[in-house]
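> for reference, the sequence and a predicted model appear below.
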Amino acid sequence: MPPAELRLGLSGRALDFSGAGPYCLVCGAKPFAHRTIPCRDTDYALRKTRDLNSLLEWVNPALAYFNWRRKAAFSIDAPLCFRHFWRGLLGEFLVIGVFVAALVAVVVFWFKGRLSSGPSETGFFLKAGLIGIFLVGSWLLSRRPGRPVLPCEIRRESDTRVVLRYPDGLPTPH
Ligand SMILES: [Zn+2]
């Protein structure tokens, strides 16, 4: 499919589908829930801050930079279907899964009476191990390059309009 653009209203973080109900922004199916997607549009920020910043840069370059940064970042609440809602969340579930499995193992060992007889060092190492799972897990997650949730480029047209550019064609609502 050829690349296409989808124009939507934006108020705060909420998208306005104007008349037609919201649909999954990946495939067009019935939405299951919303996910907040952080976005950046530096071109829009540049356009919006040009007049003020030409003055600010002269007075205070740091202030001009922060003004630009503030305008560049925005987020949208994207409706997603049940299938696409979980996209990119697998790692989080994996970490929680490993933690729960370790916790169950500890409880099973404790039930068999192996822990109570041991020295208190065992308990310390077990606790450290459980905390370690979360620390190592979140460290791994933070290093992993995040797969974008939406298959489109999100641009801002004005304060109340966004343009979603789909390189492989629009999702068709169904
Ligand atoms: Zn979907």
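That came in fine, so what should we check first? Since this is a predicted model, take the numbers as computed values, not measurements.
> and the strands in the protein?
4-11, 14-16, 33-40, 73-80, 153-158, 161-166 (DSSP state E).
> so which of these is nearest the ion?
Of all the strands of the chain, it is strand 73-80 that lies closest to the ion, at 5.9 Å by C-beta to the ion. Placement of C-beta: from N, CA and C, glycine included.
> what angle do strand 33-40 and that closest one make with each other?
Relative orientation of strand 73-80 versus strand 33-40 (axes from the mean of the first three to the mean of the last three C-alpha atoms, to 10 degrees): 150 degrees.
> and strand 73-80, does that touch the ion?
No - using C-beta under 5 Å from the ion, strand 73-80 stays clear of the ion, with a minimum separation of 5.9 Å.
> can you tell me what sits against that strand?
10, 13-15, 22-26, 31-41, 87, 149-150, 154, 156, 162 (C-beta atoms under 8 Å, 6 or more residues apart in numbering).
> for the closest residue to residue 88 other than its chain neighbours, grab the count of nearby residues.
Distances taken as C-beta to C-beta, 6 or more residues apart in numbering put residue 147 closest to residue 88, at 5.2 Å, once the chain neighbours are dropped. Residue 147 has 8 neighbouring residues, counting by other C-beta atoms under 10 Å.
> same deal with residue 174?
Count around residue 174 with other C-beta under 10 Å applied: 9.
> how about residue 44?
Once other C-beta under 10 Å is used to define contacts, residue 44 is seen to have 20 neighbours.
> where does it land on pLDDT?
For residue 44, the model assigns a pLDDT of 92.
> okay, now the residue nearest to it when sequence neighbours are not counted: neighbour count?
Distances taken as C-beta to C-beta, 6+ apart place residue 156 nearest to residue 44, at 4.2 Å, with adjacent residues excluded. When neighbours are defined as other C-beta under 10 Å, residue 156 has 22 of them.
> tell me who's in contact with residue 156.
10, 39, 41, 44, 74, 162, 163.
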